[in-house]
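Engineer: task: produce atomic coordinates for the following.
(chains A and B)
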Amino acid sequence: MMTYIGYSHYLILSAVLFTIGVFGVLFRRNLIIIFMSIELMLNSVNLALVSISKFTQSADGQIFVFFVITVAAAEAAVGLAIVISLFRHKQTTAVDEINLMKG
Amino acid sequence: MIWHTIIFWILAVLCVGCALCVVWQKNPVVSAVFLVGSFLALAGLYLNLQAPFLATIQILIYAGAIMVLFVFVMMLLDLHHPFDLYFRFTKPKLPKTIALGLFIWLLCALILAPAFPLAFPESGQSFTVAQIATLLFSKYAFPFELTSLLLLVAMVGGVVLAKKK
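Structural biologist: As a prediction, this is how the structure comes out:
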């Protein structure tokens, strides 16, 4: 039946979004788009946590989402600062041209 | 119940479509706009799951603050390099695609293994902001304080990293 939306629907949507994020990280070469894919993966985990919180009827999952959003904000701030610093040195945001630590 | 289903499918298709556009779009600014669309659809899904506080936070912080930061950095960097180099490698695409297919197959198998109840309970109530805040300041008070430390470290780190030498 298509008329019933259960928890597995939300979890599978979350898995699909996570895989799209992994796809972006693996295939794209622009550093900023890789960052956006990471944000997408964090959001898919948030969706899974919210649906699990609904399943267990407790607010703990929502608190976890709160923390994940805070950590994502901190990660975006530091990551974009690194992008600016890299761009100042190399004049590019393409990840294949950033190979200083390749040895 | 039927509205819940209809809203879920609309928002799910919107969310996945915007996410695919984020990954496939060549221009990072257009990609950021699609990411905002995806976040708004996720906020609607949170509302559908009876979590209105998180939907508000999602719109305010993700679609507001974080995406403004992204667009601001893109404006600052003045990205005018050629976009023709699209993928990192052009040849070894097949193994990664197979690995991704196996990954999503594994995730779906893990999700479908425990038998979740088919539909939502009708009696489910949403948590109020007061309930969430009580839990946050009693059971999770120490992680909450650690979060403030994390934000301070991130702020100082961002200033130090982006400062002109």
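Engineer: okay, now A:Leu17: neighbour count?
Structural biologist: Using other CB atoms under 10 Å in any protein chain shown, the number of residues around A:Leu17 comes to 26. To be clear about C-beta, it is placed using only N, CA and C from the backbone, and glycine gets the same treatment.
Engineer: typed the wrong thing, it's B:Gln50
Structural biologist: 16.
Engineer: my guess is it contacts A:Ser51, does it?
Structural biologist: No. Shown here, B:Gln50 and A:Ser51 do not form a contact pair, counting by CB atoms under 8 Å, at 10.7 Å.
Engineer: for chain B, which spans come out with low pLDDT?
Structural biologist: B:79-93, B:117-124 (pLDDT under 70).
Engineer: please parse chain B into its domains.
Structural biologist: According to the domain assignment given by automatic domain parsing, chain B is divided into the following structural domains: B:1-79, B:127-165.
Engineer: export those as TSV, with columns for distance to A:Leu11.
Structural biologist: Output for the domains of chain B, formatted as TSV (distance: least, CB to CB, whole Å):
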stretch	distance to A:Leu11
domain B:1-79	12
domain B:127-165	20
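Engineer: just send those back as a markdown table, with distance to chain A too.
Structural biologist: Compiled in a markdown table, the domains of chain B are given as follows (distance: least, CB to the nearest CB, whole Å):
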| stretch | distance to chain A |
| --- | --- |
| domain B:1-79 | 4 |
| domain B:127-165 | 4 |
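Engineer: packed most tightly, which of those would that be?
Structural biologist: Compared across the domains of chain B, domain B:1-79 shows the largest average neighbour count, a mean of 18 (mean count of other CB atoms under 10 Å in any protein chain shown).
Engineer: and it, how far out from the chain middle?
Structural biologist: 7 Å (CA atoms, centre = their mean, to the nearest Å).
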